[in-house]
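S.K.: This is a predicted model, with the sequence first.
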Amino acid sequence: MAFRDRYTGLINRYRDHLPVNDDTPLISLGEGNTPLIRLKNIPRALGRDVDLYVKFEGLNPTGSFKDRGMTMAVTRAVDEGSKAIICASTGNTSASAAAYAARAGITAFVLIPEGKIAMGKLAQAMMYGATIMQIRGNFDAGMQLVKEVAEDAPVTIVNSVNPFRLQGQKTAAFEIIEELGRAPDYHCLPVGNAGNITAHWIGYCEYSRTKGEVVTRACSFCDGHCRYAGGPVVGDRPVMLGYQASGSAPFLRGGPVEDPDTVATAIRIGNPQSWQQAWHVKEESGGRFDELSDAEILHAQKMLTEHEGVFCEPASAASIGGAMRDIRNGTIPEGSTVVCTLTGNGLKDPDTAIDQCKDSGMVTIDADRAAVNDAIRNYL
Ligand code: F0G
């Protein structure tokens with residue numbers, strides 16, 4: 001590959017579809033371009049003929065899909081002269097904001113729920129040098145505070161209420177279409193604050209490729225950001241399926257959840273900021289929201305890790321857990337092409353992983369050959 005073709009991040013890759021111009025200084029860590037992995041063992045175990053893929057967003061620079069939105073939000077914040085960014089976070093947004101602020105040489109303030117964020121994410125925010133405020137309250141309270149403070153403090157909000165975040169995140173849909181040659185029939189995502197499912201729909205609406213030909217269309221969210229806003233509606237789009245954790249499932253309860261709880265701390269959210277937009281996505285795509293128990297989420301996480309070699313964090317596993325259930329019961333019919341977004345890396349939450357595996361596979365033995373041989377014999 002010639003040097004000039006080197007991959008340098010999603011803004012450069014998709015600049016024609018994003019709100020930047022030729023002079024905008026880009027704040028990038030080479031995000032995007034994540035692998036779309038075709039699963040082999042899970043479809044076989046399900047006994048159903050489906051083409052099942054995972055888009056492993058955990059391989060972004062800070063280990064989650066947030067980097068797609070953050071490169072765009074921080075690029076624009078810096079371009080507009082901002083010296084500080086702020087966010088509320090269940091963990092991943094704070095890690096990503098802290099990293100891109102470090103890259104840009106600006107300050108990051110992050111509000112996180114005390115004791116409820118995974119260790120890997122906390123380590124990241126601390127190492128990247130963010131100013132961390134642990135609040136005695138949950139994500140929803142943090143989000144409310146951030147919106148209030150940003151009204152008069154000289155800080156730019158980089159939660160997904162910042163429209164540039166969704167613009168960056170929509171590029172995941174572009175990559176999927178390019179790789180499959182078309183949109184999948186079903187796209188499954190975990191849903192927390194509901195920005196990512198909205199961003200994917202924007203991406204699918206703006207840009208799809210059918211029969212080898214690029215076709216584009218407008219959607220209700222284009223907002224004039226993309227060059228195709230107002231273009232014709234043609235081509236195919238997936239049915240969007242959003243999965244919430246049962247303890248944090250406002251879309252299933254029909255209203256905000258006061259005291260959300262789940263082992264999948266990333267989606268421990270009771271009052272999603274993109275509620276209206278996500279509901280619209282469900283309606284427009286003919287999709288659905290559904291819920292998974294913590295046990296189902298952890299089971300899906302373990303299955304994917306053990307049977308496919310892909311280690312995602314608990315929240316991410318809601319997508320594959322939901323897809324497996326819907327494939328098994330026929331809600332997703334045979335012959336379908338299905339993409340599940342794995343939003344974050346399993347290494348983000350080592351405590352939950354180790355806790356889940358504490359009864360399996362590890363023995364402590366003397367450091368001698370006979371003991372190793374014994375252990376092998378025991379397992380074969
Ligand atoms: N999966 C992971 C790993 C997440 O970190 C999040 C959100 C989601 C799914 C849900 O995405 O909010 O767009 O519906 N994390 C945010 C954070 C809230 O602060 O890191 P969403």
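M.R.: Thanks, I have the structure now.

S.K.: Only C-alpha atoms from now on, for both contacts and neighbour counts.
M.R.: Fine.

S.K.: Count residues in the vicinity of Gly309, would you?
M.R.: 11 (other C-alpha atoms under 10 Å).

S.K.: Please report the distance of it from the ligand.
M.R.: For Gly309, the distance to the ligand equals 18 Å [C-alpha to the nearest ligand atom, to the nearest Å].

S.K.: same question, Ala45
M.R.: Distance, Ala45 to the ligand, using C-alpha to the nearest ligand atom: 25 Å.

S.K.: Can you tell me what sits against whichever strand or helix holds that residue?
M.R.: Secondary structure assignment for Ala45, by DSSP states H and E: helix 41-46. Here helix 41-46 makes contact (C-alpha atoms under 8 Å, 6 or more residues apart in numbering) with Asp49, Val50, Asp51, Leu52, Leu304, His307, Glu308, Met324, Ile327, Arg328.

S.K.: One more: stretch 325-342?
M.R.: Contacts of stretch 325-342 with the rest of the structure, by C-alpha under 8 Å, 6+ apart, involve 46, 48-58, 184-190, 312, 316-317, 319-320, 323.

S.K.: Which members of these are classed as buried?
M.R.: 48, 50-58, 184-190, 312, 316-317, 319-320, 323 (16 or more other C-alpha atoms under 10 Å).

S.K.: Keep only those of these that are in strands.
M.R.: Asp51, Leu52, Tyr53, Val54, Lys55, Phe56, Tyr186, His187, Cys188, Leu189, Pro190 (DSSP state E).

S.K.: how about the fifth one, what does it touch?
M.R.: Residues near Lys55 by C-alpha under 8 Å, 6+ apart: Thr34, Pro35, Leu36, Ile37, Val339, Cys340, Thr341, Leu342.

S.K.: got it, and the last one?
M.R.: When contacts are counted by C-alpha under 8 Å, 6+ apart, Pro190 touches Gly242, Tyr243, Gln244, Ile267, Ala315, Ser316, Ala317, Ala318, Ser319, Thr341, Thr343.

S.K.: Export the residues you listed to JSON lines and append columns for distance to the ligand and pLDDT.
M.R.: Converted to JSON lines, the contacts of Pro190 look like this (distance: C-alpha to the nearest ligand atom, whole Å; pLDDT from 0 to 100):
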{"residue": "Gly242", "distance to the ligand": "9", "pLDDT": "98"}
{"residue": "Tyr243", "distance to the ligand": "9", "pLDDT": "98"}
{"residue": "Gln244", "distance to the ligand": "9", "pLDDT": "98"}
{"residue": "Ile267", "distance to the ligand": "5", "pLDDT": "98"}
{"residue": "Ala315", "distance to the ligand": "5", "pLDDT": "98"}
{"residue": "Ser316", "distance to the ligand": "5", "pLDDT": "98"}
{"residue": "Ala317", "distance to the ligand": "9", "pLDDT": "98"}
{"residue": "Ala318", "distance to the ligand": "9", "pLDDT": "98"}
{"residue": "Ser319", "distance to the ligand": "9", "pLDDT": "98"}
{"residue": "Thr341", "distance to the ligand": "9", "pLDDT": "99"}
{"residue": "Thr343", "distance to the ligand": "5", "pLDDT": "98"}
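
S.K.: which one of those residues has the most neighbours?
M.R.: Counting by other C-alpha under 10 Å, top hit in those: Ala318 with 36 neighbours.

S.K.: For the ligand, tell me which of the ones in strands among the buried ones among the contacts of stretch 325-342 show up nearby.
M.R.: Among those, the residues lying close to the ligand (C-alpha under 6 Å from any ligand atom) are Pro190.

S.K.: which of the ones in strands among the buried ones among the contacts of stretch 325-342 lies closest to Leu145?
M.R.: Pro190 (24.6 Å; C-alpha to C-alpha).

S.K.: That closest one bridge partners, please.
M.R.: Tyr243 (DSSP bridges).

S.K.: What's the per-residue pLDDT of it here?
M.R.: Per-residue pLDDT puts Pro190 at 98.

S.K.: Write a PyMOL command that selects only the buried members of the contacts of Lys55.
M.R.: Remark: buried members of those, expressed as a PyMOL selection using 16+ other C-alpha under 10 Å:
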select buried, resi 34+35+36+339+340+341+342
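
S.K.: Count the residues that sit near Met133.
M.R.: Neighbours of Met133 (other C-alpha under 10 Å): 14.

S.K.: Any figure for the gap between it and Ala45?
M.R.: In this view, Met133 and Ala45 are 45 Å apart by C-alpha to C-alpha, to the nearest Å.

S.K.: does Ile112 count as helix, strand or coil?
M.R.: strand (DSSP: H, G, I helix; E, B strand; the rest coil).

S.K.: Let me know how buried it is, in neighbour terms.
M.R.: The burial count for Ile112: 27, using other C-alpha under 10 Å.

S.K.: Give the closest residue to Ala317 in space, chain neighbours not counted.
M.R.: Leaving aside its chain neighbours, Ala317 sits nearest to Gln301 (5.0 Å; criterion: C-alpha to C-alpha, 6 or more residues apart in numbering).

S.K.: For this protein, what lies in contact range of the ligand?
M.R.: Within the chain, the positions lying close to the ligand (C-alpha under 6 Å from any ligand atom) are 89-93, 190-196, 266-267, 315-316, 343-344.

S.K.: Got a ChimeraX select line for the buried ones in those?
M.R.: Buried residues within those, by 16+ other C-alpha under 10 Å, are selected in ChimeraX with:
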select :89,90,91,92,93,190,191,192,193,194,195,196,266,267,315,316,343,344
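
S.K.: Which of the residues of the chain next to the ligand fall in helices?
M.R.: Asn92, Thr93, Gly195, Asn196, Ala315, Ser316 (DSSP state H).

S.K.: With adjacent residues omitted, what lies nearest to the second one?
M.R.: Right, the one you point to is Thr93. Using C-alpha to C-alpha, 6+ apart and skipping residues adjacent in sequence, the residue nearest Thr93 is Lys66, 5.9 Å away.
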